[in-house]
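Student: build me a model:
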Amino acid sequence: MSNIVAIVGRPNVGKSTLFNRLTQTRHAIVSDEAGTTRDRQYGKCEWEGKEFSVIDTGGWVVNSDDIFEEEIRKQVSLATEEADVILFMVDVQNGVTDLDEEVAAILRRTKKPVLLVTNKMDNNETWLAAEFYGLGLGDPIGISAATGSGTGDLLDIVMSKFPKKTEELPDENIPRFAVVGRPNVGKSSIINAFIGEDRHIVTDIAGTTRDSIYTRYEKFGFDFYLVDTAGIRKKGKVSEDLEFYSVMRSIRAIENSDVCILMLDATRGIESQDLNIFQLIQRNQKNLVVVVNKWDLVEDKSQRVMDTFIDAIRERMAPFVDFPIIFGSALTKQRIFKVLETAVATYENRRRKVSTHRLNEEMLPLIEAYPPPSMKGKYIKIKYCSQVPDTHVPTFVFYANLPQYVKEPYRRFLENKIRERWNFHGTPINVFIRQK
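Tutor: Next up is the predicted model:
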């Protein structure tokens, strides 16, 4: 289960540059203009074989000083609440500013590990970092996010600060379902509808250090855990920065689950925030069931309207389109039962095994009829395929003479053909081409 590292600090100290370096991507837009990072960035970092999540808490700037400090305070306190380790970034070239003092004052109160990262130490000017001891957050760790110097040492320290895992779930073989979605879409209502009045059937198990709550659900022949992030029931704090809040909470829930039940609001359609959460589900390779909630409030419930909705959802979420979409209402409990049945079915699909014999029998004639396009005058031959046992998601390997020439569209073609023949509805699939 992944830990979360949040990068905080005032604008223009290099948070996005560090984020890009840690996640080895160019997701965050880097510019000298303060406040470029409006959307929060979320990515994965791998170090010494362990993976953790990184969040760049950009986007505080509202271009006016009074709102500005209030926003910073919100962001930093939210990051301290949700993350396992906080990287507080400062700029060695500029020295300590009033805003740095503000942030440090909040961070001194948290019980979470805080690392003071002095950025832009390009020429090893260690003496410049001395004044940052005054922030009362321990030894400054000097790095240059732009050149990468010092980031290895920083990651070693980060790894040592992660909380030790407490008890894991009592039974790993019971599926874990997370209900995710943006604020006010009906997550609490659907969880309450699932659990109903029969609270005695339910046992709450505090999960790992992630403080997700696992609610065991055992009735009507079902047996699973509902992954209820600590935030789903705490209503009081949601007035904070809603978008950031919902994404951070979703990361928690998604990483701890097998199947994600993504709630959409029928009265508002599909919005960018929904797509952000969908991308989190995809990046973490989790099963997906989409629930269009508040269907009782839609006046025209004809099949035509439903089809339009379904097409819009699949189009926005392409290329992964093989997942169930259910129209229901948490309030009137319409099709609530169907949601659970579907989630259980997709979980079963995730565990589906295809025998090597059947796989070759079905796929090889297809590949012969539609071989991969030749590249640079070389013909690609795929001779054999098999499903890899004991993988986190169904994974298929095709053995070819020139795997490097097989491009993404052909891989997608293979995936689609597998989906046509076997039921992997709602489940991500990995297709790899390897040297035979």
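
Student: distance of Val259 relative to Lys187?
Tutor: Distance, Val259 to Lys187, by C-beta to C-beta, to the nearest Å: 15 Å. For the C-beta atoms, the positions are set from N, CA and C on the backbone; glycine is no exception.

Student: and Val292, by the same measure?
Tutor: Per C-beta to C-beta, Val292 is found 14 Å from Lys187.

Student: coming back round to it: and Val259 and Lys187? which has more neighbours close in?
Tutor: Legend: neighbour count by other C-beta atoms under 10 Å for Val259 and Lys187, higher for Lys187 (28 against 25).

Student: surely that one touches Ala193?
Tutor: No. With contact defined as C-beta atoms under 8 Å, Lys187 and Ala193 do not form a contacting pair (10.8 Å).

Student: hey, what's in contact with both of the two?
Tutor: Common neighbours of Lys187 and Ala193, counting by C-beta atoms under 8 Å, 6 or more residues apart in numbering, are absent.

Student: can you classify Glu46 by secondary structure?
Tutor: Here Glu46 is strand, with the state taken from DSSP: H, G, I helix; E, B strand; the rest coil.

Student: before we move on, what about the one 5 residues further on?
Tutor: Look at Glu51: counting by three-state DSSP, its state is strand.

Student: I figured it hits Thr23, correct?
Tutor: No. Counting by C-beta under 8 Å, Thr23 is not a contact partner of Glu51; they are 10.7 Å apart.

Student: between the two, which contacts overlap?
Tutor: 44-45.

Student: where's Val96 relative to Lys111, distance?
Tutor: Val96 sits 24 Å away from Lys111, going by C-beta to C-beta.

Student: these two: who's more crowded?
Tutor: Val96 (15 against 6).

Student: ok, the more buried one touching Phe132?
Tutor: Yes. Val96 is within contact range of Phe132, at 6.3 Å (criterion: C-beta under 8 Å).

Student: can you tell me which helices and strands the helix or strand containing Asn192 packs against?
Tutor: In this assignment (DSSP states H and E), Asn192 forms part of helix 187-195. Contacts defined by 3 or more C-beta pairs under 8 Å, 6 or more residues apart in numbering; DSSP states H and E place helix 187-195 against strand 176-180, strand 212-217, strand 224-229, helix 230-233, strand 259-265, strand 287-293, helix 336-350.

Student: can you add mean pLDDT and distance to Met363 and give the ones you listed back as TSV?
Tutor: Converted to TSV, these look like this (pLDDT from 0 to 100; distance: least, C-beta to C-beta, whole Å):
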stretch	mean pLDDT	distance to Met363
strand 176-180	87	32
strand 212-217	68	38
strand 224-229	72	33
helix 230-233	40	42
strand 259-265	91	27
strand 287-293	93	23
helix 336-350	91	18
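
Student: want to try JSON lines for the ones you listed, with distance to Ile313 as columns?
Tutor: Converted to JSON lines, these look like this (distance: least, C-beta to C-beta, whole Å):
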{"stretch": "strand 176-180", "distance to Ile313": "15"}
{"stretch": "strand 212-217", "distance to Ile313": "26"}
{"stretch": "strand 224-229", "distance to Ile313": "23"}
{"stretch": "helix 230-233", "distance to Ile313": "23"}
{"stretch": "strand 259-265", "distance to Ile313": "7"}
{"stretch": "strand 287-293", "distance to Ile313": "6"}
{"stretch": "helix 336-350", "distance to Ile313": "15"}
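
Student: the strands in the stretch 51-200 of the chain, which residues?
Tutor: Taking DSSP state E, counting those that start in this stretch as the test, the strands found in the stretch 51-200 of the chain are 85-91, 114-119, 141-142, 176-180.

Student: deepest-packed of the ones you listed, please.
Tutor: Ranked by mean neighbour count, the strands of the stretch 51-200 of the chain are led by strand 176-180 with a mean of 27 (mean count of other C-beta atoms under 10 Å).

Student: tell me how far the residue lying farthest from the centre of the chain lies from Lys383.
Tutor: Centroid-distance maximum for the chain: Gly377 at 41.1 Å, with C-alpha atoms, centre = their mean. As for Gly377, its distance to Lys383 is 20 Å (criterion: C-beta to C-beta).

Student: state the pLDDT value of Asn360.
Tutor: You'll see Asn360 listed with a pLDDT of 94.

Student: tell me the phi and psi of it?
Tutor: phi -70, psi -40 (degrees, to the nearest 10).

Student: ok, it - contacts?
Tutor: 384-386.

Student: make TSV out of the residues you listed and add secondary structure, distance to Ser272 and neighbour count.
Tutor: Shown next, in TSV, are the contacts of Asn360 (DSSP: H, G, I helix; E, B strand; the rest coil; distance: C-beta to C-beta, whole Å; neighbours: other C-beta atoms under 10 Å):
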residue	secondary structure	distance to Ser272	neighbour count
Tyr384	strand	43	15
Cys385	strand	38	24
Ser386	strand	40	16
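
Student: hmm, back to that, tell me the mean pLDDT for the helix holding Asn192?
Tutor: Rounded to a whole number, the mean pLDDT of helix 187-195 is 75.

Student: now that helix, how far from the centre of its chain.
Tutor: How far helix 187-195 lies from its chain's middle: 22 Å, per C-alpha atoms, centre = their mean, to the nearest Å.

Student: with stretch 186-194 instead?
Tutor: That offset, for stretch 186-194, works out to 21 Å (C-alpha atoms, centre = their mean).

Student: go through that stretch and flag the buried ones.
Tutor: Within stretch 186-194, the residues scored as buried using 16 or more other C-beta atoms under 10 Å are 186-187, 189-191, 193-194.

Student: run through who's touching it.
Tutor: The contact list for stretch 186-194, computed with C-beta under 8 Å, 6+ apart, reads 179-181, 215, 217, 226, 228, 232-233, 235, 261, 263, 265, 291, 293-294, 330-331, 333, 336, 339-340.

Student: buried ones only from those residues, please, as a PyMOL command.
Tutor: Buried residues within the contacts of stretch 186-194, by 16+ other C-beta under 10 Å, are selected in PyMOL with:
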select buried, resi 179+180+181+215+217+226+228+232+261+263+265+291+293+294+330+336+339+340
